[in-house]
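# sequence plus the predicted model coming up.
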Amino acid sequence: MVPKENWHSNKRPADEQEYSNEVEVRASVEPSEDELADLSRACDKLWDLDLNLLVPCKDYEIDCGEGKKEYQKEDMAQGSLFTWVSDDVFKKPTFARFLSLLDNYNPHQGCKEVVTSEERQEQASFIEEISRTAPIKYLHKYLASKGIVSETCQEFKRMITSLWFDLYGRGGTSGSSSAFEHVFVGETKQCGEVSGFHNMLQL
């Protein structure tokens, strides 16, 4: 994994950082008529365009355990689901910038978040990095074709930033959560239950 001490480069203003070159892919990032008419085909195309997709046995290995009965609610596995993940995975630009965002949040639901200028720069840098990838380019063109978002790339990036990082209230406290925090970092309720946390990189 990329050490936290190496994340400092992501804290500089977004326009002072170095990014990956604009991605070049053989497949078109222009949605076809079939994809515009069928969301499942569009999702398949997003998957196919993902050059960062991890490959089993090459990038990671998992242990599925021996299964459990329906009535067994607790984790019955003796080991971790991920037995091994290649260090090279965490050196990929999009992964590294994603990881640097994970320590920006208080995981306890209902605690008001304080967003620093450095954290906003990390957000902007992450959005800039993913915007150079084929899946996000395709997503922009798909949504623009539907008239959902502006055709301007900068406007699209501003919209994604707002959707993911704008704070809202949860657990009775305003400004205590964001879509990014809930989905990727997870939040712990007072009862100890974890909500959100759809992020395998931390497992």
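Sure, I can see it.

# ok, Leu167 - how many residues close by?
Leu167: 16 surrounding residues under other CB atoms under 10 Å. Bear in mind the C-beta positions are built from the backbone N, C-alpha and C, glycine included.

# do Leu143 as well
16.

# ok, the one 10 residues further on next?
As a burial measure, the neighbour count of Cys153 was computed by other CB under 10 Å and equals 13.

# how close does it get to Met76?
Here Cys153 is placed at a distance of 47 Å from Met76 (CB to CB, to the nearest Å).

# CA atoms of stretch 105-119 as PDB?
Output of stretch 105-119 as PDB, limited to C-alpha atoms (Å, rounded to 0.1, in the frame of the first residue of the first chain):
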ATOM      1  CA  TYR A 105     -13.400  11.800   7.500                       C
ATOM      2  CA  ASN A 106     -14.600  11.100  11.000                       C
ATOM      3  CA  PRO A 107     -16.300   7.600  10.700                       C
ATOM      4  CA  HIS A 108     -18.600   8.200  13.700                       C
ATOM      5  CA  GLN A 109     -22.100   9.000  12.400                       C
ATOM      6  CA  GLY A 110     -23.400  12.400  13.700                       C
ATOM      7  CA  CYS A 111     -20.000  14.000  14.100                       C
ATOM      8  CA  LYS A 112     -19.700  17.300  12.100                       C
ATOM      9  CA  GLU A 113     -17.000  17.200   9.400                       C
ATOM     10  CA  VAL A 114     -14.400  20.000   9.100                       C
ATOM     11  CA  VAL A 115     -13.000  20.100   5.500                       C
ATOM     12  CA  THR A 116      -9.600  21.800   5.300                       C
ATOM     13  CA  SER A 117      -8.200  23.500   2.200                       C
ATOM     14  CA  GLU A 118      -5.700  20.600   1.800                       C
ATOM     15  CA  GLU A 119      -8.600  18.100   1.700                       C
END
